[in-house]
Structure formats: C-alpha cells, structure tokens
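Participant: Model the structure of this input:
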Amino acid sequence: MDKNNNPVLLQIQDVHKKYEDKEILKGIDLSIHKGEVLVVLGPSGCGKSTFLRCLNGLEKIQGGDIKFKDTSFCDKNANWQEIHQKIGMVFQNYELFPHMTIIENILLGPLKVQKRDKAEALAQAEQLLDRVGLLDRKNSYPRQLSGGQKQRIAIVRALCMNPEIILFDEVTASLDPEMVREVLDVILGLAKQGMTMVIVTHEMGFAESVADRIIFMDEGKICEESKPKEFFTNPKTERAKHFLNIFQY
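Facilitator: Have a look, this model is predicted:
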C-alpha cells in the first residue's frame, strides 16, 4: 500500500534551527503521512536528533514552520499540551523516574496530564505491558530492570498516552548488543500495526526492514530520500555511499 496517499500528519516547511551562531538545520522540507514509518539516517552531528526534537516542540525553530495536521507550531495559540500528547517521543536514556514503580511511571501522564479514569488507564497499561512481555514487572522499580526492559517500558509509557505519532531517538544506542533485538522487535510490531513513526537509528538492517522511506541527512540538510531497498542497494549521492561503506553495508 502506498502510504503517500494517506493524510499528512506532520508538514515540515523550510525549517531552520540555530544554537547561538551555529546553524544545525538548514532548510528541511518534508511531509510525514499517517501510518508511515520514516527512518532518518546520517553521520553523528548532522542534526538528526535536533530535527526529531523540533518535531514535537522540544526545540524551537528559528525559521520555517512545522504543522501537526492543521496546527502550526508558530501559532502563539497552539495547544502545546495537546501536541506533546499526540506526538510522543522515546529517548535514548529511558527518562524513567527511579523512585516510582514501572506502573506508576506509565500511569503518570494518563492520570495527571490527561485526567483519565484510573481503571481504564490501568487496563490499557497492563495490556501494553503484556504485549511487550513485561506485565510481571509492573511493580518493580527501574533499577531492577535491564536496559532493554527499561527501553520497552519507555515505549509502553509513550503508547499509553495514545499518540498519533511516536518519535524514536537512537533508542538502542546505550544498550548492550543482546538487548537491542528485544527493543527493535517491539518497534517492528508497532510498524505492522500501522503506528506512524519517525526513527533515528544506526541499526542499518533494522532500518531497511522497518522503513517505508529513508531520509539521509548530512550537515543539517536532507541529502537523499528514497525507498529502503533503493537507498541500501543504489544510493544516489557519494556522501550516502561513503556512509554505508563505513557500516560495510
């Protein structure tokens, strides 16, 4: 199915981002469609993580616009609480509260931010924990879990807010190799269920298997955009070819 025929959820128009005098993003144009899995590749320091953080307003842009459906991020009346709920994000370092149990970490947003019924939110949380194989750890504390388990909990926490898009920022980068697979399997499962996702990763095999579209960034710009098979077998730019050679892909 061509997901480009689906509605556009995020529209990125000529986005620029600076830190003091250093320009990180130099005019990004992109549309992200409902149900699409977009994987962002590129060398370290090219602006991938900054780009992701701009997509849910964690970083303010200095030029251009980002629209979620019909809401412009530049609109002073934009409802940021709603935007942050609809555009979830999973970080590299879990961001779990160490003094709270797993189930308390997951329910914090649904109960405190969304003001949902506790029984309904708990039922959803337990169903999601069961899906990722961690229901038996719901009363554990983060220190009692492995890195891979904590990352799966972070994904459940994001899902429990019922987002329309989830952003993944190098979610396996701090994991031991044997823990990487269990996290990637959860994300692959979400892709099969039609979740809209934007994924920054250095896992090339995973990128090829999960993506509907590959974006290759370098020096704050999109250098190449293509289907996964085309990108990995016949990259258009010399910069992308060099990047893939480093990974011996």
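Participant: Please name the residues that touch residue 43.
Facilitator: Counting by C-beta atoms under 8 Å, 6 or more residues apart in numbering, residue 43 touches 218, 243. (C-beta placed from N, C-alpha, C; glycine too.)
Participant: Distance-wise, check it relative to residue 243.
Facilitator: According to C-beta to C-beta, to the nearest Å, residue 43 and residue 243 sit 6 Å apart.
Participant: list residues touching both of those two?
Facilitator: In contact with both residue 43 and residue 243: residue 218, using C-beta under 8 Å, 6+ apart.
Participant: so what's the spatially most central residue of the chain bridging to?
Facilitator: The centre of the chain sits closest to residue 167, judged by C-alpha atoms, centre = their mean, with a distance of 1.6 Å. For residue 167, the beta-bridge partners under DSSP bridges are residue 89, residue 198.
Participant: I figured it hits residue 87, correct?
Facilitator: Yes. Between residue 167 and residue 87 there is a contact under C-beta atoms under 8 Å: 6.7 Å.
Participant: Overlap in contacts, these two.
Facilitator: By C-beta under 8 Å, 6+ apart, the residues touching both residue 167 and residue 87 are 55-56.
Participant: The longest helix seen in the chain packs against which elements?
Facilitator: What stands out as the longest helix in the chain, according to DSSP state H, is helix 177-192. Judged by 3 or more C-beta pairs under 8 Å, 6 or more residues apart in numbering; DSSP states H and E, the packing partners of helix 177-192 are helix 147-159, strand 196-200, helix 204-210.
Participant: Kindly calculate the angle that the first one makes with helix 177-192.
Facilitator: For helix 147-159 against helix 177-192, the angle by axes from the mean of the first three to the mean of the last three C-alpha atoms, to 10 degrees is 20 degrees.
Participant: that's a helix at residue 32, yeah?
Facilitator: No. Under DSSP: H, G, I helix; E, B strand; the rest coil, residue 32 sits outside any helix and is assigned strand.
Participant: what pairs with it across the strands?
Facilitator: residue 10.
Participant: Against residue 77, how distant is the closest residue to residue 93 other than its chain neighbours?
Facilitator: Computed as C-beta to C-beta, 6 or more residues apart in numbering, the closest residue to residue 93 that is not its neighbour in sequence is residue 174, at 6.2 Å. Distance of residue 174 to residue 77, given as C-beta to C-beta: 38 Å.
Participant: if we can go back for a sec, for residue 184, find the nearest of the helices and strands packed on helix 177-192.
Facilitator: helix 204-210 (5.0 Å; C-beta to C-beta).
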